[in-house]
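Colleague: The following comprises the amino acid sequence and a computationally predicted model.
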Amino acid sequence: MSKITVWHNSRCRKSREGLAMAEKIAGEKGLEVAIRKYLDNPPNIEEITKVVEMIGIDPIELVRTKEAIWKEQYKGKDLTNEQIIEAMSLYPKLIERPVVMYNDKAVLARPAEKVLDMF
C-alpha cells in the first residue's frame, strides 16, 4: 500500500493542520499515513537533501530562521547548501514543518492545502 509520510511536530498548530489534511486525503484515496516525529527521530543529511530536491527549493527555504539556534549559530554567515542541510540534521528543530511526502513528491504544507498539490 502506498503511504503519505509526514514529518510532524505535534506541538505545532501548522503541523497538526498539515497532518489532518494528509489524513483526509489518505482516507479519500485509500492510502496509509506514516507519521515521523522528526524531533524524536531526526532525518539524516541524505533524507533532508532528498526532501529539498523533492520539494524543489533551496535548503534555506526549509529552515526556521527565527529559531534561537539559527540566530545564535548561523545567522549572517555565508553558508553552503551542504552546511545548511548539516545544520538541520544536527538541530532538527530548525526544519520547517510539516513536510509531507508521497511517492517522489514532497511539499512544505504551509498552508495545509499545499498537500493537495501532490495529487
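Modeller: Arrived safely. Numbers count the residues shown, from 1 in each chain.

Colleague: Quick check: buried residues in stretch 2-9?
Modeller: Buried residues in stretch 2-9, counted by 16 or more other Cβ atoms under 10 Å: Ile4, Thr5, Val6, Trp7, His8, Asn9. Backbone N, C-alpha and C define where each C-beta goes, glycine included.

Colleague: ok, the fifth one to Gln83 distance?
Modeller: When distances are taken as Cβ to Cβ, to the nearest Å, His8 and Gln83 turn out to be 26 Å apart.

Colleague: What is the nearest of the buried residues of stretch 2-9 to Ile25?
Modeller: Closest to Ile25 out of those is Ile4 (7.0 Å), distances taken as Cβ to Cβ.

Colleague: is it true that the closest one touches Ala26?
Modeller: Yes - applying Cβ atoms under 8 Å as the test, Ile4 and Ala26 come out as touching, 5.3 Å apart.

Colleague: just the strands in this structure please.
Modeller: Remark: strands assigned in the chain by DSSP state E are 3-8, 32-37, 99-102, 105-108.

Colleague: Of all those strands, which one is nearest Ser89?
Modeller: strand 3-8 (12.6 Å).

Colleague: Let me know the angle separating that closest one from strand 32-37.
Modeller: Here strand 3-8 runs at an angle of 20 degrees relative to strand 32-37 (axes from the mean of the first three to the mean of the last three Cα atoms, to 10 degrees).

Colleague: Sheet partners, orientation included, of strand 3-8?
Modeller: strand 32-37 (parallel), strand 99-102 (antiparallel) (DSSP bridges).

Colleague: how about the first one: buried residues?
Modeller: It refers to strand 32-37. Those would be Val33, Ile35, Arg36, for strand 32-37 by 16+ other Cβ under 10 Å.

Colleague: check contacts around the residue positioned nearest the centre of the chain.
Modeller: When Cα atoms, centre = their mean is applied to the chain, the residue found nearest the centroid is Val99 (2.8 Å). Val99 sits next to Val6, Trp7, Tyr38, Val51, Ile55, Leu62, Ala106, Val107, Leu108, Ala109 when contact means Cβ atoms under 8 Å, 6 or more residues apart in numbering.
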